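Enquirer: pasting the sequence and the predicted coordinates here, then a few questions.
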Amino acid sequence: MQKFQLELDELLPDDSKAKEVTKTNLLREFWINCQPENDLIRYTEATVFHRTLNLSLRQRRLDNIYYYRQIIINIMHCLRQSQPAEEDRALVTIYRGEQMTVFELDKLMKRVGEVVTVASFFSTSFSFKVAQIFAGNGSDNDLHMISVIFEIQLDTARPMRPYAPINGSEEDEVIFSPGT
């Protein structure tokens, strides 16, 4: 770890060094406080850990996935434990708001009616208003980004990868496991 830090010190300008040190410290703190029952809740917080883990999963970075394996196992376990019971299952509507490029949206539109899987943990909400907040206004930030809200019909009676609503979440959040 120290060798890596020294290499970063040589390669990065001072402001980038400070950001990397902060990022490294946040990841170290997450590991030190790693507890199976808390990892799912901690994952839902918008942290460098959340972004780094999902990026590693999306890019299929096996070295990083191996590094995070225990936390991934803990989150998957929490999702299985929190998944609604058989008698609570029904057809529900959930929403996901995000900004994406026109190219990404076009690729998805060509796959309407097909099965689409997500490589990372996937966050949605029971609330359309929350999805609107996450979608933002793409034209405000970047001309290449657009705001998109997905309406997802979830048939909870069908077998699927672990997922669970996050109790007490202000965002009325539902988390899905990778491969959903």
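Expert: Arrived safely, thanks for sending.
Enquirer: the host helix or strand of Ser147: what's the following helix or strand?
Expert: Under the criterion of DSSP states H and E, Ser147 resides in strand 145-155. Downstream of strand 145-155, the next assigned helix or strand under DSSP H and E is strand 163-165.
Enquirer: give me the helices and strands touching that following strand, please.
Expert: The contact analysis (3 or more Cβ pairs under 8 Å, 6 or more residues apart in numbering; DSSP states H and E) places strand 163-165 against helix 69-82, strand 173-176. Backbone N, C-alpha and C define where each C-beta goes, glycine included.
Enquirer: and with 10 Å instead?
Expert: Strand 163-165 sits against helix 69-82, strand 91-101, strand 122-125, strand 173-176, with contacts defined as 3 or more Cβ pairs under 10 Å, 6 or more residues apart in numbering; DSSP states H and E.
Enquirer: partners of the last one in the sheet?
Expert: So the one you mean is strand 173-176. strand 122-125 (antiparallel), strand 163-165 (antiparallel) (DSSP bridges).
Enquirer: could the helices and strands packed on strand 163-165 be laid out in CSV, adding distance to Leu62 and mean pLDDT?
Expert: Shown next, in CSV, are the helices and strands packed on strand 163-165 (distance: least, Cβ to Cβ, whole Å; pLDDT from 0 to 100):
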stretch, distance to Leu62, mean pLDDT
helix 69-82, 10, 86
strand 91-101, 26, 92
strand 122-125, 20, 92
strand 173-176, 21, 90
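Enquirer: please convert the ones you listed to JSON lines, extending it with distance to Arg158.
Expert: Below are these laid out as JSON lines (distance: least, Cβ to Cβ, whole Å):
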{"stretch": "helix 69-82", "distance to Arg158": "16"}
{"stretch": "strand 91-101", "distance to Arg158": "10"}
{"stretch": "strand 122-125", "distance to Arg158": "16"}
{"stretch": "strand 173-176", "distance to Arg158": "13"}
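Enquirer: is it possible to get TSV of these that adds mean neighbour count?
Expert: Listed next are these as TSV, based on neighbours: other Cβ atoms under 10 Å:
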stretch	mean neighbour count
helix 69-82	16
strand 91-101	17
strand 122-125	22
strand 173-176	21
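Enquirer: which one of the ones you listed lies nearest to Leu53?
Expert: Nearest of these to Leu53, taken as Cβ to Cβ: helix 69-82 at 7.3 Å.
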